[in-house]
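A.B. asks: Could you work out the structure for the sequence below:
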Amino acid sequence: MSTRARSLQAAATQAVSHGNLRIAAIQMASGPTVAANLSEAEVLIKLAAKQGAKLVALPEYFAILGLKDTDKVAVREQPGHGPIQDFLSRMAKKHKLWIVGGTVPLWTEDPHKVKNSTLVYNDRGEVAARYDKIHLFGFEMGSEKYREEATIEAGKEVVVFDSPFGRIGLAICYDLRFPELFRQMQPVDLIIVPAAFTETTGRAHWETLVRARAIENLCYVLASAQGGYHRNGRETHGDSMIVDPWGIVLDRLPRGSGIVIADIDHDYKARLRQGLPALSHRVLV
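C.D. replies: Numbering: from 1, shown residues only. A predicted model of the protein is given here:
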């Protein structure tokens with residue numbers, strides 16, 4: 001066992017004894033084969049559970065990052081049915097933890113599109129929340145060009161829900177650039193952002209955006225990312241991280257597959273909000 005793994009195990013034991021809540025973000029470099037991606041995700045979920053995590057978040061497109069954008073349409077699932085959803089439910093029940101299922105390609109009436117949906121499963125394997133990505137990524141710089149609107153139907157609803165970890169708000173990747181979305185989540189204790197930021201945009205803006213959302217909302221942010229080179233030639237930035245309400249990065253993973261893990265402390269958050277009551281000082285709403 002690595003030194004880092006031993007220290008995480010020790011911290012997990014201490015966290016349980018102090019009643020803190022342990023959360024984890026999984027980072028992957030997913031490929032075009034659903035079965036292979038689910039197999040890797042299972043290993044990483046098990047690792048997070050062994051280290052004491054009670055909530056685990058997977059990255060955007062964790063189950064498929066295809067050779068073509070339309071590949072995800074070919075494996076889209078009806079809500080409540082399909083191998084990706086069955087996998088998430090089974091993992092949540094098996095490990096007795098909450099799973100935020102990155103994003104799952106779900107059915108729409110348009111046969112050429114999907115909903116890019118975050119599904120949250122409780123520790124009984126039941127769906128506790130669903131968020132459909134609202135802001136669709138569009139980017140063109142040099143040889144890079146992305147148009148999510150070509151294969152994704154945008155969502156419309158801001159989603160915040162109650163959980164044992166406090167009030168959780170859900171966002172996906174490009175949503176990070178739109179702070180008004182997160183203001184609509186108030187009150188919120190933890191924001192979870194599965195992502196697949198490109199290396200170009202991630203290198204420039206990822207950490208700044210993640211930390212800004214934590215600071216301005218005085219809440220924890222868990223950002224689970226794709227991080228590496230993909231079979232389709234795409235490079236994603238990675239740098240999955242957990243950030244506290246003061247903007248401090250508690251844990252991060254720059255590249256490759258693995259996990260980041262940290263405790264959330266609601267008493268600490270409350271003290272920060274009392275000392276800096278910026279949320280109650282808002283004038284423009």
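
A.B. asks: only C-alpha atoms for contact and neighbour calcs from this point on.
C.D. replies: OK.

A.B. asks: Met241: what's its closest spatial neighbour, skipping adjacent residues?
C.D. replies: Arg252 (4.2 Å; CA to CA, 6 or more residues apart in numbering).

A.B. asks: If the nearest residue to Glu199 once chain neighbours are set aside is in a bridge, with which residues?
C.D. replies: Leaving aside its chain neighbours, Glu199 sits nearest to His237 (4.1 Å; criterion: CA to CA, 6+ apart). Counting by DSSP bridges, His237 forms beta bridges with Gly227.

A.B. asks: okay, now His237: neighbour count?
C.D. replies: Each residue near His237 was counted by other CA atoms under 10 Å, and the total is 25.

A.B. asks: Check Lys46 too.
C.D. replies: A count of nearby residues for Lys46, using other CA under 10 Å, gives 15.

A.B. asks: quick one, strands of the stretch 151-285 of the chain?
C.D. replies: 160-163, 166-170, 190-195, 220-225, 227-229, 235-237, 240-243, 249-253, 258-264 (DSSP state E, counting those that start in this stretch).

A.B. asks: Of these, flag the one that's most buried.
C.D. replies: The highest average neighbour count among the strands of the stretch 151-285 of the chain, using mean count of other CA atoms under 10 Å, belongs to strand 220-225 at a mean of 32.

A.B. asks: and that one with strand 249-253, angle?
C.D. replies: Strand 220-225 and strand 249-253 are oriented at 10 degrees to each other (axes from the mean of the first three to the mean of the last three CA atoms, to 10 degrees).

A.B. asks: other SSEs contacting strand 220-225?
C.D. replies: Packed against strand 220-225 by the contact rule (3 or more CA pairs under 8 Å, 6 or more residues apart in numbering; DSSP states H and E) you find strand 21-27, strand 190-195, helix 199-217, strand 240-243.

A.B. asks: Which strands border the last one, and is each parallel or antiparallel?
C.D. replies: It stands for strand 240-243. By DSSP bridges, strand 240-243 pairs with strand 220-225 (antiparallel), strand 249-253 (antiparallel).

A.B. asks: can I get these in CSV with mean pLDDT?
C.D. replies: Conversion of these to CSV gives the following (pLDDT from 0 to 100):
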stretch, mean pLDDT
strand 220-225, 98
strand 249-253, 98
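
A.B. asks: quick one on the thing from earlier: make a markdown table out of the strands of the stretch 151-285 of the chain and add distance to Arg90.
C.D. replies: A markdown table is the format used below for the strands of the stretch 151-285 of the chain (distance: least, CA to CA, whole Å):
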| stretch | distance to Arg90 |
| --- | --- |
| strand 160-163 | 19 |
| strand 166-170 | 22 |
| strand 190-195 | 20 |
| strand 220-225 | 20 |
| strand 227-229 | 25 |
| strand 235-237 | 28 |
| strand 240-243 | 24 |
| strand 249-253 | 26 |
| strand 258-264 | 20 |
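
A.B. asks: how about these, which one is nearest Lys54?
C.D. replies: strand 258-264 (10.0 Å; CA to CA).

A.B. asks: Could you work out which of the strands of the stretch 151-285 of the chain reaches nearest to Leu47?
C.D. replies: strand 258-264 (8.1 Å).
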